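Peer 1: Model the structure of this input:
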Amino acid sequence: MNAPNIPDAIVGHEKLVAVLGRWPTFHDAEVLCMQLVRDEGRPFSGPVCTVAVCLQGEPGAQTSEGPMVTLRFYDLHDLRLASFNHQNPILGLEIAVSGLASKPHALASHVFDVTLQGVHEDAFSASFTCSRVEVVGVEAQVPHRRP
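Peer 2: Now for the predicted structure:
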């Protein structure tokens, strides 16, 4: 997170803070699943992306595997996705408010810039803007389980 007040702008952030005692760094996390849906049937809405992330080695996690966090990003724009494969570690997840919304996020009050940082140039990475970020769920990581 780039600013201390960003977690308050994330719907459901308290679910994750309750488990770890703070907003996580997402350092050395692994993206297990990314699902893109065209519009969820809402009028005047854009694509929705749901991401499942295992917080491996996150300080404060009860196990070394860490909890699995499901995040949802609404009204995606300018999606850049590279090298999604059988293992998708990230250096971190950055979410920054980029200012007041304008098209294509005309119905949102703010726009978030989101970056899932790859571990090197040829590794998995993603970036996009969105109108809303939500913590959908937090659950204990079960080995070999995929969402």
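
Peer 1: C-alpha from now on. contacts and neighbour counts both.
Peer 2: Will do.

Peer 1: mean confidence score for stretch 71-81?
Peer 2: Averaged over stretch 71-81, pLDDT sits at 94.

Peer 1: Equivalent analysis for stretch 24-31, please.
Peer 2: If you average the pLDDT values across stretch 24-31, you get 91.

Peer 1: Could I get the buried residue list for it?
Peer 2: In terms of neighbour count (16 or more other Cα atoms under 10 Å), stretch 24-31 has its buried residues at 24, 26-31.

Peer 1: Now distance to Gly57 and secondary structure too, for these, in TSV please.
Peer 2: Output for the buried residues of stretch 24-31, formatted as TSV (distance: Cα to Cα, whole Å; DSSP: H, G, I helix; E, B strand; the rest coil):
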residue	distance to Gly57	secondary structure
Pro24	11	coil
Phe26	9	coil
His27	8	coil
Asp28	7	coil
Ala29	8	strand
Glu30	10	strand
Val31	14	strand
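
Peer 1: Make TSV out of these and add distance to Leu91.
Peer 2: As requested, the buried residues of stretch 24-31 are exported to TSV (distance: Cα to Cα, whole Å):
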residue	distance to Leu91
Pro24	12
Phe26	7
His27	5
Asp28	5
Ala29	7
Glu30	9
Val31	11
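
Peer 1: ok, of these, which one's closest to Ala18?
Peer 2: Ala18 has its nearest neighbour among these in Pro24, at 11.1 Å by Cα to Cα.

Peer 1: which SS class is the residue lying farthest from the centre of the chain?
Peer 2: Distance from the centre of the chain peaks at Pro43, with 23.4 Å (Cα atoms, centre = their mean). The three-state assignment at Pro43 reads coil, by DSSP: H, G, I helix; E, B strand; the rest coil.
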